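Undergrad: based on what follows, work out the 3D shape:
(one chain, ligands or ions: 2)
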Amino acid sequence: MAVYTEVPEDALAAFLEGYDIGRPVACHGIAEGVENSNFLLKTTQATFILTLYERRVNPDELPWFLGLMQYLARHGLSCPLPVADRQGRTLRTLCGRPAAITTFLPGGWLRQVSVDMCAQVGDALARLHLLGEGYVAERPNSMGPQAWTDLLQACRAGGDDVRPGLVRTIGETLARVLPAWPGTGNNPSLPRGQIHADLFPDNVFFRDGRLSGIIDFYFACTDWYAYDLAITINAWCFDDDIRFVPARARAMVEAYRRVRPLEDAEDVALATLATGAAIRFTLTRLYDWINTPVDALVTRKDPLDYLARMEFFASRMDEGFL
Ligand SMILES: Nc1ncnc2c1ncn2[C@@H]1O[C@H](COP(=O)(O)OP(=O)(O)O)[C@@H](O)[C@H]1O
Ligand SMILES: N[C@@H](CCOP(=O)(O)O)C(=O)O
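TA: Ligands and ions are numbered 1, 2, ... in the order given. Below is the predicted model of the structure:
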């Protein structure tokens, strides 16, 4: 359940007076999601999503995220469009939290992943990368490799209670990945731009078998495009027993290439990037696992699912995995 802040009816009605989107008819908290409070908001005009920003998101960065979504939506990507109030502001305050209203996307996310869905996701990811080239403001990746050492340090007390030797295992892989990371030492830089950085199945909607929208841009940042592809392969290309499914990854990468061909250096770096992506999600999940009370509103995600991915990709860092 991810509703951290309740919104009283009178506060909502007063808030909506600043917009030209009709009067509130219903507003229900949405159980899914972990970072923010999300509400399904029905007005006399249409259905919207109301988000109150709670965790991890730095309020100073919200204009960048909302600006990116606005840019992508206006240029043809099916993603939530932030709605401006009567004074042209997309970012407001409600119940003491930064808040925004965005358009509602039809469809829903699917728990059962297929090879065809992976191809559609690869295609959409490449389109997102190309479209994002027109949005020039940069946001450094706050969850990139420079954050991982500190995160691992923060997990030292408690990490080995999750699994004995866990902190050391992650540390050893990190020590291989960091010197191999693109743009460091003699490693070539890669094409870079705006990336989603969290394109997991629960952030991609399908309708009648076709990809209908992408949500949740609050980890988006400016980084290597191939790193985004590596994150997405991590999230989509393993089965329920955390075994790599090569057909999914090949379908995703081939569909991606058809829209945005990969350079040789991106192909070479992909296994290192995928290992790094698995480290990133192992660490953030582990940090949350240790620091979220068991009775909290949020369901903690299992860090060991990503540890298994990390071990798989680390074993393929030299020869590749496709
Ligand atoms: N624009 C949207 N259109 C339709 N549903 C949405 C939209 N944005 C969010 N949702 C719903 O809210 C849920 C949580 O959204 P998400 O952005 O993933 O939250 P969080 O940032 O807290 O992780 C989604 O799984 C979806 O059900
Ligand atoms: N996708 C991440 C967690 C981020 O949660 P989201 O609900 O904002 O996508 C993970 O699975 O660890």
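Undergrad: quick check: which element contains the closest residue in space to residue 301 that isn't next to it in sequence?
TA: Using C-beta to C-beta, 6 or more residues apart in numbering and skipping residues adjacent in sequence, the residue nearest residue 301 is residue 285, 4.9 Å away. No exception for glycine: its C-beta is placed from N, CA and C like everyone else's. Taking DSSP states H and E as the criterion, residue 285 maps to helix 264-291.
Undergrad: could you point out which element follows that helix?
TA: helix 303-315.
Undergrad: elements contacting that next one?
TA: helix 166-180, helix 225-236, helix 264-291 (3 or more C-beta pairs under 8 Å, 6 or more residues apart in numbering; DSSP states H and E).
Undergrad: ok, residue 135 to residue 193 distance?
TA: Distance, residue 135 to residue 193, by C-beta to C-beta, to the nearest Å: 9 Å.
Undergrad: oh, I was asking about residue 100
TA: Residue 100 is 24 Å from residue 193, where distance means C-beta to C-beta.
Undergrad: which of these two has more residues huddled nearby?
TA: Neighbours per residue, other C-beta atoms under 10 Å: of residue 100 and residue 193, the larger number sits with residue 100, 25 against 19.
Undergrad: next, that one: secondary structure please.
TA: On the three-state scheme (DSSP: H, G, I helix; E, B strand; the rest coil), residue 100 is labelled strand.
Undergrad: how near is it to residue 18?
TA: For residue 100 relative to residue 18 (C-beta to C-beta), the value is 12 Å.
Undergrad: quick one on the thing from earlier: the helix holding residue 285 near ligand 1 at all?
TA: No - residues of helix 264-291 are not located near ligand 1 by C-beta under 6 Å from any ligand atom, the shortest gap being 12.1 Å.
Undergrad: and that helix, what does it pack onto?
TA: Helix 264-291 packs on helix 145-154, helix 156-162, helix 166-180, strand 221-224, helix 225-236, helix 303-315, going by 3+ C-beta pairs under 8 Å, 6+ apart.
Undergrad: and for the shortest one, what are the contacting residues?
TA: For strand 221-224, contacts defined as C-beta atoms under 8 Å, 6 or more residues apart in numbering pick out 138-144, 182-183, 190-195, 197, 266, 269, 273.
Undergrad: how about low-confidence regions in the chain?
TA: The chain contains residues with pLDDT under 70 at 1-2, 295-297.
Undergrad: any idea how it splits into domains?
TA: 9-103, 115-315 (automatic domain parsing).
Undergrad: centre of the chain to the host helix or strand of residue 130, how far?
TA: Here residue 130, judged by DSSP H and E, is contained in helix 115-131. Put simply, helix 115-131 sits 14 Å off its chain's centre (C-alpha atoms, centre = their mean, to the nearest Å).
Undergrad: repeat that for stretch 218-238.
TA: 8 Å.
Undergrad: just confirm yes or no for that stretch near ligand 2.
TA: No - under the criterion of C-beta under 6 Å from any ligand atom, ligand 2 is not reached by stretch 218-238; the shortest gap measures 6.5 Å.
Undergrad: and residue 158, how many neighbours?
TA: Neighbours of residue 158 using other C-beta under 10 Å come to 15.
Undergrad: surely it is in contact with residue 287?
TA: No - judged on C-beta atoms under 8 Å, residue 158 makes no contact with residue 287 at a distance of 9.2 Å.
Undergrad: thinking again about what came up before, the helix holding residue 130 vs helix 225-236, what angle?
TA: 150 degrees (axes from the mean of the first three to the mean of the last three C-alpha atoms, to 10 degrees).
Undergrad: how about helix 115-131: buried residues?
TA: If you call a residue buried by 16 or more other C-beta atoms under 10 Å, then helix 115-131 has these buried ones: 117-129, 131.
Undergrad: could you list every residue that touches residue 282?
TA: Residue 282 sits in contact with 170, 303, 306-307, 309-310, where contact means C-beta under 8 Å, 6+ apart.
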